[in-house]
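Enquirer: Fold the following, please.
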Amino acid sequence: MRPDKAKKLQQLLGKLSSRQATAVARGVETERALGEKTLPSETILDALRPQLRQAGAKRVPTLRRLACIAFEDFLTDRDDDPRLPGVIARATVDPWWRALRRVAGAELDAFEAELKELVARGDEAGIALLGDTVARAARGWTEGVLAQLEKRKGDPGLKKLFGDPLLLVDLREIARVLPLGGAVRSGIDAVLRVASRNGEARGRRISDLGPATVTEAKQQYQYLSDAFGLDASYFALGLLNKLERAWTILRLGRALSWKPHDAMVRDTEFGIIGERLVADLQRQARDIAALAWKREAADRLPALQALLAAYIDDAEGLLGEFGFRRDSDWGEAILGTRAEIARAVADDLVPRIREFALEVLPQTQRAGARRALSVPDVMRPPEPRVTARAVEGARFLRFLLQRGSRHGLAVAAREATEHIGGELDRRTTQLIDELRAAPQQPVIPAQIAAAQQVADALFDDGRGELMARRLRNAQAAAQSRDGIYGLTR
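Expert: Alright, predicted model coming up:
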């Protein structure tokens, strides 16, 4: 399909509701499964993917999808470097499947033919059984691929597929999860059912782990621990991937009677969970710092604030659920994330915010008796972009004051806030003095109105309204004076 037509098709499909998208996808996937392909199925399904994920739509099975079920709960669109424990980049699935095609093409062709017949008959039970068979076979094939990759003179085609070391890390993670079969998936499904009954889950996402849900998770963990030993930690990792608040997984740790400090946890199979949580916090800190250091961070403060809010929620939740000693490796790592964010946000970004928050009241230099004086620049009306950026900066500082005290962010924010408050007052007073001399100057009221927006976003003590009142009083006095002068003339 031509690129322009593909783009138009994607735009059209993107407007469909979740229900409409599910119906279209099912028709396209059924056609593809039966080998009766007449439509550009991949283009259509790529366009529909956001609606399908949101709806949690049931999909028509493909052989690859059946083989992936065992590790589906570990797939992520993220591309972390280094990889976090218990996550597999979705981008790895394609080279993995191509590798299996390379080592077991004939067997996969036979399975494809069998699946086609099952789909044509609508045999759900038969499809499920076939999925188990394919997953078991995939386990052995994956081990064979890894063996080839580890050989010095292994299959060059396979080595090319996994030339990226991160893909190789993902492949090893797939190999670890596949032997657990559908046990992890079944355990997570059981937890999701309990969570759904208690209003704690939507689709395959869990918003909270209440007591009943934790009890179910504990039972499933213990069952898998009896069956798979230390590999039961992959159940906890898979469950963690379903949680909107990752740190709530530590409630399962408490239910399993791990001691409430990391020195004990690190010596158990649950230690990998702590490593994952800390590594995820470190990733969040890196993302925040990388954005804060950028010059364009001033124009992306809402996005940065959302990242910071998520980090603070996770860090405080992590520390609230478990006791991490400051002198432990994990405790030091958590403190390290605070220091990294503080350097980028408090030391670098906040001073920049302090400056551009005052751009709504620009100053110019006027020669005085002994030195240049900063006076209002009444020739520059406030630009909407400048005002919007200043208001967002004020909101960001207020957020740091409210949420950042435990993370080394509030002191710099408070100093910046006090500086901005003092400058707003000083510069507004200067503008009102200028207004008395030039009451018809339109820029002055516009600048003060912009400054009021900044004050309202930064303070809750009414100083924004006070600025507006001072402006109205000065305008009224000027009008009254002009009226008197008009009568006397």
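Enquirer: what number of residues lie near Leu224?
Expert: 21 (other C-beta atoms under 10 Å). In short, each C-beta sits where N, CA and C put it, glycine included.
Enquirer: which element is it on?
Expert: In the assignment (DSSP states H and E), Leu224 maps to helix 211-228.
Enquirer: Relative to Gly203, how far out is Asp280?
Expert: Separation of Asp280 from Gly203 (C-beta to C-beta, to the nearest Å) stands at 22 Å.
Enquirer: How about Arg352?
Expert: 41 Å.
Enquirer: related to what we said a few turns ago, other SSEs contacting the helix holding Leu224?
Expert: On a contact count with 3 or more C-beta pairs under 8 Å, 6 or more residues apart in numbering; DSSP states H and E, helix 211-228 meets helix 183-197, helix 233-242, helix 250-255.
Enquirer: Provide the strand pairings for the helix or strand just after the longest one, with the direction of each partner.
Expert: Scanning forward in sequence from helix 183-197, with DSSP H and E defining helices and strands, the next element found is strand 201-202. In the sheet containing strand 201-202, its partner strands are strand 205-206 (antiparallel), by DSSP bridges.
Enquirer: Show me the contact partners of the partner strand.
Expert: 191-192, 195, 200, 213, 239, 242-244 (C-beta atoms under 8 Å, 6 or more residues apart in numbering).
Enquirer: if we go to 7 Å?
Expert: Under the criterion C-beta atoms under 7 Å, 6 or more residues apart in numbering, residues 192, 195, 200, 242-244 lie in contact with strand 205-206.
Enquirer: what pLDDT does Ser225 get?
Expert: In this model, Ser225 is scored at 91, pLDDT.
Enquirer: the helices in the stretch 51-200 of the chain, which residues?
Expert: 63-68, 93-121, 124-150, 156-161, 165-177, 183-197 (DSSP state H, counting those that start in this stretch).
Enquirer: Can you tell me which of those is nearest to Thr387?
Expert: Closest approach to Thr387 among the helices of the stretch 51-200 of the chain is made by helix 165-177 (43.9 Å; C-beta to C-beta).
Enquirer: Buried members of the contacts of strand 205-206 into ChimeraX, please.
Expert: In ChimeraX, a selection of the buried entries from the contacts of strand 205-206 looks like this (16 or more other C-beta atoms under 10 Å):
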select :192,195,200,242,243
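Enquirer: and of the contacts of strand 205-206, the nearest to Val177?
Expert: Closest approach between the contacts of strand 205-206 and Val177, by C-beta to C-beta: Lys242, at 14.8 Å.
Enquirer: correct me, but Leu63 touches Val134?
Expert: Yes - at 6.2 Å, Leu63 counts as touching Val134 under the criterion of C-beta atoms under 7 Å.
Enquirer: Those two: which is more packed in?
Expert: Neighbour count, other C-beta under 10 Å: between Leu63 and Val134, Val134 has more, with 27 against 21.
Enquirer: isn't the more buried one right next to Arg65, touching?
Expert: No - in this structure, Val134 is not within contact of Arg65 by C-beta under 7 Å, at 9.8 Å.
Enquirer: check contacts around Asn198.
Expert: 210, 212-213.
Enquirer: Spatially, which residue comes closest to Gly408, not counting chain neighbours?
Expert: Spatial nearest neighbour of Gly408, excluding adjacent residues (C-beta to C-beta, 6 or more residues apart in numbering): Ala342 at 3.9 Å.
Enquirer: typo on my end, Asn241
Expert: Distance criterion C-beta to C-beta, 6+ apart; nearest residue to Asn241, sequence neighbours excluded, is Asp73 at 5.6 Å.
Enquirer: Touching both of Leu63 and Val134, which residues are there?
Expert: Joint contacts of Leu63 and Val134 (C-beta under 7 Å, 6+ apart) are Phe111.
Enquirer: so where's this structure uncertain?
Expert: Counting by pLDDT under 70, the chain shows low-confidence ranges at 1-59, 258-270, 323-327, 367-373, 478, 480-489.
Enquirer: can you list the domains in this protein?
Expert: What automatic domain parsing lists as the domains of the chain is 1-60, 183-257, 258-348, 357-489.
Enquirer: Dump those domains into CSV; add distance to Pro85 as well.
Expert: CSV is the format used below for these (distance: least, C-beta to C-beta, whole Å):
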stretch, distance to Pro85
domain 1-60, 24
domain 183-257, 6
domain 258-348, 5
domain 357-489, 25
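Enquirer: Which among those is found nearest to Lys153?
Expert: Short answer: domain 183-257, nearest of the domains of the chain by C-beta to C-beta, at 31.5 Å.
Enquirer: Can you check the distance spanned by the closest one, start to finish?
Expert: One end of domain 183-257 sits 23 Å from the other (C-alpha to C-alpha, to the nearest Å).
Enquirer: repeat for stretch 438-447
Expert: Counting by C-alpha to C-alpha, you get 14 Å between the two ends of stretch 438-447.
Enquirer: which residues touch that stretch?
Expert: Counting by C-beta under 7 Å, 6+ apart, residues outside stretch 438-447 touching it are 360-361, 378-379, 381-382, 431, 434-435, 471, 475, 478, 482.
Enquirer: out of those residues, who has the most neighbours?
Expert: Result: Val360 is most packed of those (other C-beta under 10 Å), 26 neighbours.
Enquirer: which SS state does that residue fall under?
Expert: Classification of Val360 by DSSP: H, G, I helix; E, B strand; the rest coil places it in coil.
Enquirer: Can you verify my assumption that it contacts Val386?
Expert: Yes - if you go by C-beta under 7 Å, Val360 and Val386 touch, sitting 6.3 Å apart.
Enquirer: Overlap of the contact sets of those two?
Expert: Residues touching both Val360 and Val386 (C-beta under 7 Å, 6+ apart): there are none.
Enquirer: quick one on the thing from earlier: looking at Asp280 and Gly203, which one has more neighbours?
Expert: Set Asp280 next to Gly203 and count neighbours by other C-beta under 10 Å: Asp280 wins out with 21 against 13.
Enquirer: who touches that one in this structure?
Expert: Contacts for Asp280 (C-beta under 7 Å, 6+ apart) come out as 84, 246.
Enquirer: so which of the contacts of strand 205-206 comes closest to Val103?
Expert: Lys242 (31.9 Å).
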